[in-house]
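Asks: the following block contains a protein sequence and its predicted model.
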Amino acid sequence: MRNITGQKGRGFDLAAALETVAEQPSVNLTLAELVSAYSAARCDGADTRLRKWVAAFGTISAWELTPDKLQVAAQAMREHGYTPSAVNRDLSALGSAYRWAREKRFAPRGFRSPTLDVPRYEEAIRRVEVPSERIERLRAISLAYPDRRFGVFVSLLIDTGARKSELLDRYGREFNVDRCEVLAPTTKTDKPRVLFFTSATADLMRRVMPNMRAEALVFEGRVPGQPISFRKAWATCTVAAGLPDLHMHDVRHVAAASLLRAGVTLPVAAQVLGHDPAVLARRYGHLETTALRRAQEQAWNGRA
């Protein structure tokens, strides 16, 4: 037997170690089976969003679906009245399912998601302007929801500007309530980052969930090991707050605008949010310009 032990960098036989890693065969899934499995694991509503795609391609092997077929389908959607953003969101949801399959090693070795080679449509930039008092009203209303964890979730969304999956997929061990931090080791950008929340939210967590288990999802749903979606709770509370059209993801836009209005630069705001700086600049570059002008004017006044 070949020795593979030893300190890192010394006495380690990588070739021997590779032989000990079990080769996991790919799983022969149809697209319908892939979407169903992914939706059950992530509870993010992908099965509903991708229903039309499953109807069109559901019986085809998920690993044999080509970019050309997806591009033609996307074009058909556009020609039948779907907006560019709706088509892009569908393709992104499908791409998330493929990325999940690769993470779980269900896909064949070397498999490349066909969605990566489908060009996205140019779409109107969505800017969300919500007064801070409305957002705080939403926070207050969510705290009275029967499932008290929803109030924690909304407070975390508002504080961190995180994507909903970056919070719903977190385990107790990834929260440091004393430091007001959440470690998100896997994100949409495939880069780990730390999310920061307020001491008030930390106090709320201690009251609502004093016995968080390290190896359990913080926002576990009825199915063990699966996160809750909070879709019903969100719909109820946003209507009560007078924000019926506000999406969970819109809270990220609100957080971005708040950071830039506070004088945070675009590169720093992008790091805080785990966002593409170029996209952030297109959406909110005008706010950074306003903050820079204010800083310059303060400097002028200081010289006077």
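Replies: Done, it's in.

Asks: strands of the stretch 51-200 of the chain, residue ranges please.
Replies: Applying DSSP state E, counting those that start in this stretch to the stretch 51-200 of the chain gives strands spanning 175-176, 181-184, 193-196.

Asks: can you list those strands in a markdown table and add mean pLDDT, distance to residue 136 and mean neighbour count?
Replies: Quick note: C-beta positions are derived from backbone N, CA and C, even for glycine. Shown next, in a markdown table, are these (pLDDT from 0 to 100; distance: least, Cβ to Cβ, whole Å; neighbours: other Cβ atoms under 10 Å):
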| stretch | mean pLDDT | distance to residue 136 | mean neighbour count |
| --- | --- | --- | --- |
| strand 175-176 | 96 | 23 | 18 |
| strand 181-184 | 91 | 21 | 18 |
| strand 193-196 | 91 | 18 | 18 |
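
Asks: and the most centrally placed residue in the chain, how close does it get to residue 228?
Replies: Per Cα atoms, centre = their mean, the C-alpha nearest to the average position across the chain is that of residue 163, at 3.7 Å. Applying Cβ to Cβ, to the nearest Å, the value for residue 163 to residue 228 is 16 Å.

Asks: next: residue 105.
Replies: Residue 105 is 26 Å from residue 228, where distance means Cβ to Cβ.

Asks: if you count surrounding residues, which of these two has more?
Replies: residue 228 (19 against 13; other Cβ atoms under 10 Å).

Asks: neighbours of the closest residue to residue 29 other than its chain neighbours, how many?
Replies: Spatial nearest neighbour of residue 29, excluding adjacent residues (Cβ to Cβ, 6 or more residues apart in numbering): residue 62 at 4.8 Å. Neighbours of residue 62 under the rule other Cβ under 10 Å: 28.

Asks: what do you get for residue 211?
Replies: 6.

Asks: just checking, it is part of a strand?
Replies: No - read with DSSP: H, G, I helix; E, B strand; the rest coil, residue 211 is coil and lies in no strand.

Asks: distance of it from residue 218?
Replies: Distance of residue 211 to residue 218, given as Cβ to Cβ: 11 Å.

Asks: could you list the low-pLDDT ranges of the stretch 201-304 of the chain?
Replies: Applying pLDDT under 70 to the stretch 201-304 of the chain flags residues 279, 282-296, 298-299, 302-304.

Asks: in it, which spans are helices?
Replies: 231-240, 250-261, 266-273, 277-303 (DSSP state H, counting those that start in this stretch).

Asks: same question for the stretch 51-200 of the chain.
Replies: Using DSSP H, counting those that start in this stretch, helices in the stretch 51-200 of the chain cover 51-57, 67-79, 84-103, 132-143, 148-160, 164-168, 199-208.

Asks: tell me which of these sits nearest to residue 240.
Replies: helix 132-143 (5.0 Å; Cβ to Cβ).

Asks: list the helices and strands the closest one packs on?
Replies: Judged by 3 or more Cβ pairs under 8 Å, 6 or more residues apart in numbering; DSSP states H and E, the packing partners of helix 132-143 are helix 148-160, helix 231-240, helix 250-261.

Asks: can I get those in CSV with mean neighbour count?
Replies: Below are these laid out as CSV (neighbours: other Cβ atoms under 10 Å):
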stretch, mean neighbour count
helix 148-160, 23
helix 231-240, 16
helix 250-261, 21
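
Asks: and these as JSON lines, adding distance to residue 174?
Replies: JSON lines is the format used below for those (distance: least, Cβ to Cβ, whole Å):
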{"stretch": "helix 148-160", "distance to residue 174": "12"}
{"stretch": "helix 231-240", "distance to residue 174": "22"}
{"stretch": "helix 250-261", "distance to residue 174": "19"}
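
Asks: of those helices, which approaches residue 68 most closely?
Replies: Evaluated with Cβ to Cβ, the helices and strands packed on helix 132-143 place helix 250-261 nearest to residue 68, the distance being 33.0 Å.
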